[in-house]
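In: Next one to model:
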Amino acid sequence: MHVLVLNASYEPLQRVDLRHAIRMLVREVAVVEEAEEGRTIGRYPMPRVLRLVRYVAMRWRHGKRPPWSKRGVHLRDRGRCQYCGGRGHTIDHVVPQSRGGPDTWENTVLACGKCNNRKGNRTPAEAGLNLREPPRVPRWEELMNLS
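Out: Have a look, this model is predicted:
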């Protein structure tokens, strides 16, 4: 179970696991904004949403694009193959790495095993495949499952 953490200004910051959320409550750096009714952990209500007591500046986010990651590609593409729309399992390079394709947001998509095998070491056009959505740099909110 994950708990949404809001800044003191009520803007979403991140999701943390339940254990981390309880530690935040014990240290009194956060308060419960929303809890599951009738469920507690010790003296604390089971949190769904926490709010920080003090404002945290998020300078690290402003003006910077999120770093590329496999998990990020999976979240950006919502777990769907960008060729057929089925459930995606693997990261596919639009321009294959063997042809100089980098690990970047603009060159990677999520693909199912069937489409990934069909594409092989070719570009989508060479393999007769069309991308459902062009690869792009995601917003921070997409990567944190907040949107």
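In: helices or strands next to the lowest-mean-pLDDT helix or strand in the chain in the packing?
Out: Lowest mean confidence among the helices and strands of the chain (mean pLDDT, DSSP states H and E): helix 140-143, at a mean of 77. Where contact means 3 or more CB pairs under 8 Å, 6 or more residues apart in numbering; DSSP states H and E, helix 140-143 is packed against helix 70-76. C-betas here are computed from N, CA, C, even on glycine.
In: List the buried residues of the helix it packs on.
Out: Buried residues in helix 70-76, defined by neighbour count with 16 or more other CB atoms under 10 Å: 72-76.
In: got the domain boundaries for this structure?
Out: Listed domain ranges for the chain are 2-52, 70-141 (source: automatic domain parsing).
In: nearest to M58, of the ones you listed?
Out: Across these, M58 has its closest neighbour in domain 2-52 (7.2 Å, CB to CB).
In: Check the separation of the first and last residues in that closest one.
Out: 16 Å (CA to CA, to the nearest Å).
In: and A21, that's in a strand?
Out: No: counting by DSSP: H, G, I helix; E, B strand; the rest coil, A21 falls outside a strand, being helix.
In: what is the closest residue in space to it that isn't next to it in sequence paired to in the beta sheet?
Out: Leaving aside its chain neighbours, A21 sits nearest to V3 (4.0 Å; criterion: CB to CB, 6 or more residues apart in numbering). Counting by DSSP bridges, V3 forms beta bridges with V16.
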